[in-house]
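Trainee: prediction below, plus the sequence it came from.
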Amino acid sequence: MGFFLQLLVQGLSIGCLYGIAALGFVMIFKSSSVLNFAHGELLAIGAYIFFVITIWLNLPIYMAFIITFVGSFALGFLIERLFLRPMIGEALIEVVMLTVGLSAMFRGLLLVIFSGNTYVFSNFLPAWLNIRIGSLSISSVYTVTLIITIIFLAILGFFFKYSSQGIYMRSVADNQTAALSLGVNVRRVFALSWAIASIVCAISGIILGVINGVNVHAISRIGLKVFPVVILGGLESIGGAIIGGLFIGFLETFVSGYLSTSLRDVVAYVVLVIILMIKPYGLFGLVEIERV
Amino acid sequence: MENNTCLLINNISVVYHDVIQVLKGVSLEVKKGEIFSLLGSNGAGKTTTLRAVSGLLKPENGKVTEGSILFEEKSLHNQPPEYITRLGIIQVLEGRVPFKYLTVEENLRVGTATRWGKPYREDLDLVYHYFPRLKQLRNGLAGYLSGGELQMLVIGRALMAHPRLLLLDEPSLGLAPFLVKEIFDIVKRINEEQGTTIILVEQNANMALNIATYGYVMENGKIVMEGKAKDLKENPDVKEFYLGTTAKGVVKSYNEVKAYRRRKRWL
Ligand SMILES: Nc1ncnc2c1ncn2[C@@H]1O[C@H](COP(=O)(O)OP(=O)(O)OP(=O)(O)O)[C@@H](O)[C@H]1O
Ligand SMILES: [Mg+2]
């Protein structure tokens, strides 16, 4: 029973992690219809910025968070401005190829700077976050993941539901022409969704770095897990991204806990294939409102 | 150009996809504070004329190739919609396009995009004053509204932007006559109480000419007739073709309801 609970908590926080990583992906897709194959690299870049600031520059943790967030925001903005904006109006496949190119480029740059070594963060998590309840012991990483994802979901939810800019962003995802007719700055919305997505990615990247160490290949491989997650959750559904993330998180944790650790990275893709065969629009794909 | 001129379109030509010429030398003048009606049958180029003014040609891959468009002495020639909407020109799209997954109130809030960050409470109250029905529906998803409610929503949403020139594209289409009357009455009130200049594109010439002061009739990308609304209503050609009454006074049935299938478009 203790083991089961342990896996449950672990699965929950890994699932939250996948969920917010997928959220970034869905945001970009919803607003600008771009499938971002460089998603994993965005996670890795976030983790590296954080690593450089805490370990190489030895700045305090709160500074590291602020700088990483500001840096990621700027990076997302720049990627949109420099690479995606000139591609507006091009065919989907060309835009996809561009993001594949970006992925290779970012990965190459990270390898040049940091090589393929795995770096470890010094453990900056306070000890009281290690929770013990009877035989159940939860490592601080998992508690923190859970807390951070919940805080972030709340902030994002609040932003999209109540702030004017959030509502403009949703209007563009809903109907671009109508948004244009009311003077919504659609290009700004695209840039902003990249910027916010890239912050969300940085958070996932930092957490992954704490769990597994910082390594380009490892983090970007996990970044690619957004594909099974969003296929499960539906490409256009924010709620679906979270549920899909939780599902894959639980699945992986339980499979590696009860069956075999080596199956861990495979199950997500097995699910991906099965889902695509039986329900191509994802389990939680947006229900189209149709009026005649 | 007299100083009570709001919009002056001079001899414009519009081409889609670089090859399909749709407008061939359209000129028209709209006076401040009045309702002008633009009439014509399907495919005459009414929507295209509005798009040329609002800047929404570009997303459709269309261009103004000749002529000039002046709004209060500022040139709108091939300007982007972000610029044109900020001057106070708002086009209400044909076919009542809501943001389906946003609530009614959120839809209205999108109308504040041209003045992001400014207070909007009073504007919401103004819209709810003209359309009390929207207030009741304000927390419901726009995707589930009926046709009449949607028409109120899209006009209200445009009103949120403080329009100085409102371009209404076929608001009556497919609505029951009593609703058309209700909506046209409100449009008239908005014009009188807010001082908003309005271009009303319609196939329902009868209703349109009742509230407009002046009218233009389009055919095949050209203006073929123009005049004071009351004169146009008496004109035998207009009677025959647009008011649906022949010389003998027989009412023809034409309840054309178009299906709008819109591709998802890139910018
Ligand atoms: N995006 C487009 N690309 C190519 N051709 C277009 C486009 N939009 C309109 N047209 C063409 O331009 C012509 C005029 O269309 P427009 O929509 O301006 O007419 P309209 O007077 O508004 O007609 P309706 O009453 O049916 O709305 C039509 O022949 C139409 O096929
Ligand atoms: Mg039209």
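Mentor: That came through, no problem. Numbers count the residues shown, from 1 in each chain, chains lettered A, B, ... in the order given. Ligands and ions are numbered 1, 2, ... in the order given.
Trainee: contacting residues for the residue nearest to B:Glu82 when sequence neighbours are not counted?
Mentor: Nearest residue to B:Glu82, sequence neighbours excluded (CB to CB, 6 or more residues apart in numbering or on different chains): A:Asn185, at 5.4 Å. Heads up, the C-betas are built off the backbone N, CA and C, glycines and all. A:Asn185 makes contacts with A:Tyr168, B:Glu82, B:Ala113, as judged by CB atoms under 8 Å, 6 or more residues apart in numbering or on different chains.
Trainee: count the neighbours of residue 146 for me.
Mentor: Reading this off chain A. Number of residues near A:Leu146 (other CB atoms under 10 Å in any protein chain shown) recorded here: 18.
Trainee: ah, no, chain B please
Mentor: 13.
Trainee: quick check: pLDDT value at it.
Mentor: Listed pLDDT for B:Ser146 reads 93.
Trainee: kindly report the same for A:Ala74.
Mentor: So A:Ala74 comes in at 96 (pLDDT).
Trainee: separation between the closest residue to it other than its chain neighbours and A:Val229?
Mentor: The spatially closest residue to A:Ala74, leaving aside those adjacent along the chain, is A:Ala195, at 7.4 Å (CB to CB, 6+ apart). Distance, A:Ala195 to A:Val229, using CB to CB, to the nearest Å: 21 Å.
Trainee: same question, B:Leu179
Mentor: Distance from B:Leu179 to A:Val229, by CB to CB: 46 Å.
Trainee: ok, these two, which is more surrounded?
Mentor: Neighbour totals were compared for B:Leu179 and A:Val229, and A:Val229 leads with 31 against 18 (other CB under 10 Å).
Trainee: number of nearby residues for the closest residue to B:Tyr16 other than its chain neighbours?
Mentor: Distances taken as CB to CB, 6+ apart put B:Gly62 closest to B:Tyr16, at 4.4 Å, once the chain neighbours are dropped. Neighbours of B:Gly62 under the rule other CB under 10 Å: 21.
Trainee: try A:Leu7
Mentor: Going by other CB under 10 Å, the residues that sit close to A:Leu7 add up to 17.
Trainee: and if you look at A:Val184?
Mentor: 27.
Trainee: then B:Leu102?
Mentor: Neighbours of B:Leu102 using other CB under 10 Å come to 21.
Trainee: rewinding a little: hang on, the residue nearest to A:Ala74 packs against A:Phe69?
Mentor: No: with contact defined as CB atoms under 8 Å, A:Ala195 and A:Phe69 do not form a contacting pair (10.1 Å).
Trainee: distance of A:Leu7 relative to A:Ser137?
Mentor: 13 Å.
Trainee: look up phi and psi at B:Asp18.
Mentor: When quoted as degrees, to the nearest 10, the phi and psi of B:Asp18 stand at phi 60, psi -10.
Trainee: confidence score at it?
Mentor: 91.
Trainee: name the nearest residue to it, sequence neighbours excluded.
Mentor: B:Lys63 (7.5 Å).
Trainee: which stretch of helix or strand covers the residue of the stretch 101-250 of chain A found nearest chain B?
Mentor: For the stretch 101-250 of chain A and chain B, the shortest gap (CB to the nearest CB) falls at A:Gly183, measuring 3.0 Å. Using DSSP states H and E, A:Gly183 maps to neither a helix nor a strand.
Trainee: can you map out the strands along the stretch 51-200 of chain A?
Mentor: Under the criterion DSSP state E, counting those that start in this stretch, strands of the stretch 51-200 of chain A are mapped to A:131-133, A:136-138.
Trainee: mean pLDDT added to those, as a markdown table?
Mentor: Conversion of the strands of the stretch 51-200 of chain A to a markdown table gives the following (pLDDT from 0 to 100):
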| stretch | mean pLDDT |
| --- | --- |
| strand A:131-133 | 77 |
| strand A:136-138 | 78 |
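Trainee: got those strands as CSV, with distance to chain B and mean neighbour count columns?
Mentor: Listed next are the strands of the stretch 51-200 of chain A as CSV, based on distance: least, CB to the nearest CB, whole Å; neighbours: other CB atoms under 10 Å in any protein chain shown:
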stretch, distance to chain B, mean neighbour count
strand A:131-133, 39, 10
strand A:136-138, 37, 15
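Trainee: looking at the ones you listed, which is closest to ligand 2?
Mentor: Taking CB to the ion, strand A:136-138 is the member of those nearest to ligand 2, at 61.9 Å.
Trainee: direction included, what does that closest one pair up with?
Mentor: strand A:131-133 (antiparallel) (DSSP bridges).
Trainee: quick one: contacts of the strand it pairs with?
Mentor: For strand A:131-133, using CB under 8 Å, 6+ apart, the contacting residues are A:Ser137, A:Ile138, A:Ser140, A:Thr143.
Trainee: can you rerun that using 6 Å?
Mentor: With CB atoms under 6 Å, 6 or more residues apart in numbering or on different chains as the test, strand A:131-133 has contacts from A:Ile138, A:Thr143.
Trainee: fine by me, we can end here.
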